[in-house]
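[1] Task: produce atomic coordinates for the following.
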Amino acid sequence: MSQPVIAQLKSHRSIRKFTDQPIADSLLHELIVAGQSAATSSNLQGVSVIRINNRQTRQALAALAGDQAYIEQAPEFLVFCADLYRAGWCCQGAMVEGMTEHFLIATIDAALFAQNVVVAAESVGLGICYIGALRNDPWQVSELLALPEQVCPVFGLCLGYPAQDPQCKPRLPLAAVLMEDRYQEVDEAQVAQYDQTMRAYYQQRTGGRVDRGWSQEMAALLSKESRPHMREFLARKGLATR
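    I've put the predicted structure just below:
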């Protein structure tokens, strides 16, 4: 039995170099409609997508995201927002603000919506790159995009026709993530084997410049604070305060 969708999903790569070929508006709109078809808890549909055409805005967002040049270079750059403002408008002033559960619903909606867009995009030969670094400075991103209270920029998405053909990044072995009936403790041998796989991947990808495994990456990531400003930002936006 042919399984083209499964094969496509398993071949996902992040693309950071794009050709100059534009994406037709009609195709982009189809991708967004595909995103809208994702599951949404309680029919909240707590997502807004902002298409960034203005060059100066692109440049500013690229700078805020750590000077990632492909934000400027990609034919399309979209910002996905968790949006409680629109649904709150329906409450006519009676919205109970600050509920963490509502914010979780909207954030999950944004991720599901975006992943539908990605799957649809890759099915027609486009490449993508998620940009979580917009959260480096969510205040300035909000100002640039005129985001009201109850709206949070979750991530950006570069879209375009690939001008590179990178390898797929290896994932943890299935046995490490698929558990039966209850949570299973970390298997040291599995992690060690995956460390070797990732080290070989990075060595090949960088021509020997990077020599590290997954456990080293995770130790570096989780042993320091990560965007501690997000808590204050969410509170100021009226999100996730209780």
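[2] going forward, measure contacts and count neighbours with C-alpha atoms only.
    OK.
[3] who does the one helix or strand Val33 maps to touch, helix- and strand-wise?
    Val33 belongs to helix 25-36 when elements are defined using DSSP states H and E. When contacts are defined as 3 or more C-alpha pairs under 8 Å, 6 or more residues apart in numbering; DSSP states H and E, helix 25-36 packs onto helix 100-123.
[4] And the following helix or strand past the helix it packs on, what does it pack against?
    Where DSSP H and E defines the elements, the next helix or strand beyond helix 100-123 is strand 127-131. If you count contacts as 3+ C-alpha pairs under 8 Å, 6+ apart, strand 127-131 packs onto helix 100-123, strand 151-160.
[5] quick check: angle from strand 127-131 to helix 100-123?
    For strand 127-131 against helix 100-123, the angle by axes from the mean of the first three to the mean of the last three C-alpha atoms, to 10 degrees is 160 degrees.
[6] Taking strand 151-160 as reference, get the angle to strand 127-131.
    Using the same axes, to 10 degrees: strand 127-131 against strand 151-160 is 150 degrees.
[7] Give me the below-cutoff pLDDT ranges for this protein.
    Applying pLDDT under 70 to the chain flags the ranges 1-2.
[8] mind listing the helices in it by residue range?
    4-10, 25-36, 55-64, 70-73, 85-89, 100-123, 138-145, 174-177, 188-206, 214-222, 229-236 (DSSP state H).
[9] Where do the domain boundaries of the protein fall?
    Annotated domains of the chain cover 4-167, 174-218 [automatic domain parsing].
[10] Ok, which of those domains comes nearest Met230?
    domain 4-167 (7.6 Å; C-alpha to C-alpha).
[11] The closest one: how far from the chain's middle?
    Mean-position distance between domain 4-167 and its chain equals 7 Å (C-alpha atoms, centre = their mean, to the nearest Å).
[12] got the end-to-end distance for that domain?
    19 Å (C-alpha to C-alpha, to the nearest Å).
[13] Give me the contact list for stretch 54-68.
    52, 69-72, 77, 131-137, 141, 144 (C-alpha atoms under 8 Å, 6 or more residues apart in numbering).
[14] so Ile71 sits right up against Cys158, yeah?
    Yes. Under the criterion of C-alpha atoms under 8 Å, Ile71 makes contact with Cys158 at 6.2 Å.
[15] Would you mind listing the residues touching both of the two?
    In contact with both Ile71 and Cys158: Phe77, using C-alpha under 8 Å, 6+ apart.
[16] Next, work out how far apart Ala60 and His229 are.
    In terms of C-alpha to C-alpha, Ala60 sits 19 Å off from His229.
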